[in-house]
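Visitor: Have a look at this fold, sequence not included:
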C-alpha cells in the first residue's frame, strides 16, 4: 500500500478564519484579482446572533466594494438615539433624543443592524462571483516562516508554510495539505490560533466587563423601542438596539453579584440564564413593560477584557486582524466594524506588494495605523463605560452621572464611533503636507462625500463612487476655473509636468499603455453645465469622457455646486492623492507635481 | 390510431404578446397573485434596438413594483437637453442647454435609456420569481367571446375562448390548446391580431412620418454627444440620445425626396441604408464630425402614422393595450412609456374584478383613462413635430421656427413627456371633490413624492415607497397635529366613524380580520421626532408601528418637514385615497368619512 503523499500547493495569500474580518479581506483580495484562499474550521457559516451593528464608515466601505446596496436592502437603519434616566417617581423617563450619528460628513448618517450571518452572506456571494469560496472544516495544524533572509526579501517567494487538516472529507480525498503562501492573514478570532503560534501577547486592561444580551420581539409600551435607547436607571444600565423583523436586542451590563460565585470569586454562568436576564432588563426599564411575544430568540453572556495584541505582523509575512488582535466591549458597537476595517486597511497593501507595485515596507503601515486605532478605541471605551455604568445623578447620589453630560459625551465621540473620524498618522502612506490647499480633505482621513456633476452629461455623481476600492491610487485633480486664462495656463503646465518621464504617472506606469492602471485620474473643474465644453480639456485629464466633473448644482438645483468650498480648495486648485482604501494620502499644488513623486517614491516600485 | 384530443384549460387572464406592455401586465398580475398566462409568437425575446427611453413617471411605476433598482443600475441617465440651431457660418451651434425633464415634482428628474431587451429581462426575471414565464412560439388562431349575457355578467365565468397553436413543440406534446379565459389582454403590437379579430379600427392621421435611426459609438467633437441633443439645422433635424456602453442613438426625420421613389410615389427602402443615413446625420451636425468607431451597430427606418384604436375593450372581457391601440412617432420617446402605463392602469382593475372585489364596470375606466391619454399624446406630438420638422428661423427663412420658442415648447410639455402630469378625468375611479383640502395632491394625478420620518424610529421614507402597486387601496390619513386637543378629538371621532359597520373599511373587509387586505392605512401626523410618542395614536392608525409617520426633518435636518404645505394640507388634516396604481382617487375631510363610502360604493363589491 502506497504511503499517501501530502499534497503541496502554493498560493499568494492564505486567509485563516472566515468571520467578518477574514471575509472582508478575502473579498477585497479577490476583487483585486489576487490569488487568495480562505479556510475556516467551522463546517457551516454562523447563522444567528453575534455582533451586528454596522457603522456609517463601514457602510461607505461596503459601498466602495459595490456591496452596500444589498446591505441597505436587508438591514434595519438606526437614525435616532434616546436617553432615559431615573424619574422622580421611581422608574425611568425620557430625557432627550438625538441623532444616533453625529458625524456631520457621514454619507450614511445612520447605523445599520443586520445579523452576522446575513453580513457574511453578502461577502460570500460577492466572493463566489469572483471564484473564491470558503474551504470549510479545515484547520491549520502548523505554521512556519522561513528564516532565509533572501527568501523573505524576495516578494515573489512563498516563505510561509502552513499545514492544513480537513476534518470532513469525501472518501479518497486527502485530509492533509501543505500550503506555501506569500502571505498569511490570521482572522481567526479572539482565541486566534495564528496569534498563539507566534506568541504574540495581548496587552491591556485586566478587569473584565460582563454583558448579558437578549433578542426578542417585545410587547411593550416603551416609546423608544425602535430607537437606540441608552437607559440609565437606578437598577442597572441597558442599551436597546432595534433589529430586523420587529426584533430588539437588549444589552445589559451585569453586576458582579449577579454573575460571580461568591465562594469561588469566579464567573458562574449557571447563575444567569435567559429568564434572569429578562428580569434584569425589566428592572432597568421599569415602569415600562417588556414581554417577549415569541420567547427569548437568542441570548448570551459576553465576558470581555479589552486588549490589544502587542504586534499585528510577523516579518510582514503573517498578519493578524480583527478579534485576533483586539477585543472590545460590545457597548459602542465597534468590534465588528474595527475588524472589517482592519481587513480593508490591509488588503490593498498586500495586493500592491503581491503585484510587485509596492515595497513590502508598505505593509508596516498596517500595524502602525490599525494598532493605534485599536488603542484609541479602548481609551474611548473606558471613558464611555465609566459614564454608562456609573450610577445616575439622583438626590441620593450627588456625584452620579449627569444626563446632559452623558449625552454630550455620546455626541462628542460621534466621529469616533461612526468610524468617520478615524485618522491615520503620517507614514510612508500618509504625507502630511500642503493641508492648507484642501482644508476639508484631511490628510490621513477618508475622502468625504460630495456630489459633482459629470461635465459631458450633467449626471450627478457621488464622488465616493468614483473612488472605489479597486486597488488603484486615485489622483483627484481640482483644476480651478479652466475658463480663466491664467488658471488654464497653470493646468496645462501641470499636465506637461505629468507627462515627463520622471513623473510618478510615467515612472510607475505598468505596461505600454500611457494610462497606467495603477492610477486613475478624476478631474473636478469649476464651471457651469450650461456652457461647459469638456472637449477643451487636455486628454490626460479626461482619459474617458466620464472622468471629468464640474462643481455645479444638479439640473433641479437641489444639491451640489459648493464642492470647492466644502473641501476648502481655492481657485488655484489642488492635486489630491486618494489611497485605494479611500483615505487621503497626499496633497500638492498644481505646480509641484514632484511632491507627489516623493510620496509615491517612498513605497512604490518600478515595474520589472 | 386515436384522434388527438385538443387539450382544454382555464385561466383567469391570458396575455397575448410579450413586449413591454404585455410583460408589464403579466408581471403586475403575477404580483397580485392572479392566475395569468402570457404567450408570444417569437421563439426568443428581442435582443437589440427598438424603443428604449423610459420617462420619469415610468421609473416611478417600476419602483412601485420593486424593479426600479435594477433599471437604474443598468441604464444610462439623461439629465440635460441641448438645443442646436444654425450658426452664422453655415453649420450649427449650441443655442442653449436645459434640464431634460421639467416636471418639478418628478422623483427621478431624468429619463433613462436602456435597450428593450434589457427592459424585458427585468420583467421576465421578476415574473419568474412569481412562477410565471412566457410561453413562446405560441400563436393564437381564433378568439371568441360568449354571447350568453348571463355568462358575461358572471365574474367567475370564462367567456373568452382562445385557440392556441405552438409552432415548436417537443415530440408527443400537443400543438394545439383551447384556453378559456376570464379576460384576454391583447398586447400584440401595432399589427395586433387581437385587434383585427374584433374589427377595431385605427383612427387618426393619415400622413406618415418617416424616421431613420442609427446606433454607433462615435468619434466626435460635438460637445453634447452625451446629452440629449435636439438639432435644428438647415440640412434636416436630428435628435441624439446617449445610450449605454458609449453608444449614441441618432434619430433623423427624413425628407420625402430621400425615401420616396418619385416614379411610384411610395416609400422605397432601397434608397436609404446605413451609409445614406450616416450622411444625413453628418449633414445635420456639420461642422461637427461624426465617425462611427465600430461601425453602424444598428439601424432602422420607422414609418409611422399616428393612430388610436376606436375602442380599447370588447365587452370588458377582451382588452387591448400598448401599440395594439396606439402608435406614435418616436421623437417624443413616448411609445413604450405609454404602452407600459396602459398595462399599469389596466392590471389592478382586472385583478380586483378577478378577485371579486370590484364590479366589472371598473374596467370601463381603462378605456376612458388611457384612450384620452393616447389622443392627447398625438395632439402634443403634432404641435411638437411642426416645430421640430420646421425650417429654422434664418435670414432667408423669416417665418421659420424661433429657437427660443422651440425650447420653451419642449419645457412646456415637460409634465406631459415626463408622464408626471398625466391626469385622469372624473369617473367611478376618480372622485373630483374636496380638492381644496389637499391642493398639492391633484385628484386624478399620481401621488407626488415627499419624504416623511417614521415616528417610531426617525427613519426617513419616501412616501411613494409606502404606496406600492400591490393591489390594495391606500388610505393616507393626514391627522394634523395630534397633540392639539381639538384636533385629537376630531381624529378620534374619525376613527370611531371608521369602525362603524357601514364604513367602507368594514363593509368591504375581506375575511374575519378587521384589517382588510383591500386597504392599507398610512398615517401622517404633524409633530417633532424629539418628543413624539407614537403609542398615543389609536391603533387603527398604526396597525403596525411602521405605519405612522411625522412631517418632520430628518436627523441631519437636510430634508423633509414641509410635507403638509407641499401637499396643501391644512391643520385640519385630510383623508386621501390612493388607487393601487398610485393615482389620487378621492379626498375627504376627517369628519366626512361617508364621502369615501360613496367613492368605494360606486365600484366595490362586498365579499361573498
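Guide: It's in. None of these values were measured; they are calculated from a predicted model.
Visitor: Could you tell me which residues of chain A lie near chain B?
Guide: Within reach of chain B by C-beta under 8 Å from any C-beta of the partner chain, chain A has these residues: A:69, A:77-80, A:96-97, A:99-101, A:104, A:109-110, A:221, A:223, A:225-227, A:242, A:246, A:454, A:456-460, A:529-531, A:533-535, A:545, A:554-556. To be clear about C-beta, it is placed using only N, CA and C from the backbone, and glycine gets the same treatment.
Visitor: For PyMOL, write the selection for the buried entries among the residues you listed.
Guide: This is how PyMOL selects the buried members of the residues of chain A next to chain B, with burial counted by 16 or more other C-beta atoms under 10 Å in any protein chain shown:
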select buried, chain A and resi 77+78+79+80+97+99+100+101+109+110+223+225+226+227+242+246+454+456+457+458+459+460+529+534+535+554+555+556
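Visitor: do you know how far residue A:378 is from residue A:338?
Guide: 10 Å (C-beta to C-beta, to the nearest Å).
Visitor: who has more neighbours, those two?
Guide: Taking other C-beta atoms under 10 Å in any protein chain shown, residue A:378 and residue A:338 do not tie; residue A:338 has more neighbours (26 against 20).
Visitor: How is that one assigned, secondary-structure-wise?
Guide: helix (DSSP: H, G, I helix; E, B strand; the rest coil).
Visitor: Pretty sure it sits against residue A:373.
Guide: Yes: contact criterion C-beta atoms under 8 Å: residue A:338 and residue A:373 qualify, at 7.0 Å.
Visitor: all helices of the stretch 151-300 of chain A, in order?
Guide: A:193-197, A:256-259, A:274-285 (DSSP state H, counting those that start in this stretch).
Visitor: Next, the buried residues of stretch A:484-495.
Guide: Going by 16+ other C-beta under 10 Å, stretch A:484-495 has these buried residues: A:487, A:488, A:490, A:491, A:494, A:495.
Visitor: In strands only, show me the residues of chain A next to chain B.
Guide: A:77, A:78, A:80, A:96, A:97, A:99, A:242, A:454, A:460 (DSSP state E).
Visitor: Of those residues, which pair is most distant in space?
Guide: Longest distance between any two of those is 42.4 Å, between A:96 and A:454; criterion C-beta to C-beta.
Visitor: Enumerate every residue touching the nearest residue to residue A:311 once chain neighbours are set aside.
Guide: The shortest distance from residue A:311 to any non-neighbouring residue, by C-beta to C-beta, 6 or more residues apart in numbering or on different chains, is to residue A:200 (5.2 Å). By C-beta atoms under 8 Å, 6 or more residues apart in numbering or on different chains, the contact list for residue A:200 reads A:309, A:310, A:311, A:314, A:320, A:325.
Visitor: distance of the residue lying closest to residue A:527 once chain neighbours are set aside from residue B:100?
Guide: Among residues not flanking residue A:527 along the chain, residue A:550 sits closest, at 4.3 Å (C-beta to C-beta, 6+ apart). The gap separating residue A:550 from residue B:100 is 17 Å, by C-beta to C-beta.
Visitor: now do residue A:442
Guide: 37 Å.
Visitor: cool, residue A:174 as well?
Guide: Applying C-beta to C-beta to residue A:174 and residue B:100 gives a distance of 62 Å.
Visitor: with the ones in strands among the residues of chain A next to chain B in mind, which one is nearest to residue A:392?
Guide: Of these, the one sitting nearest to residue A:392 (C-beta to C-beta) turns out to be residue A:96, at 13.9 Å.
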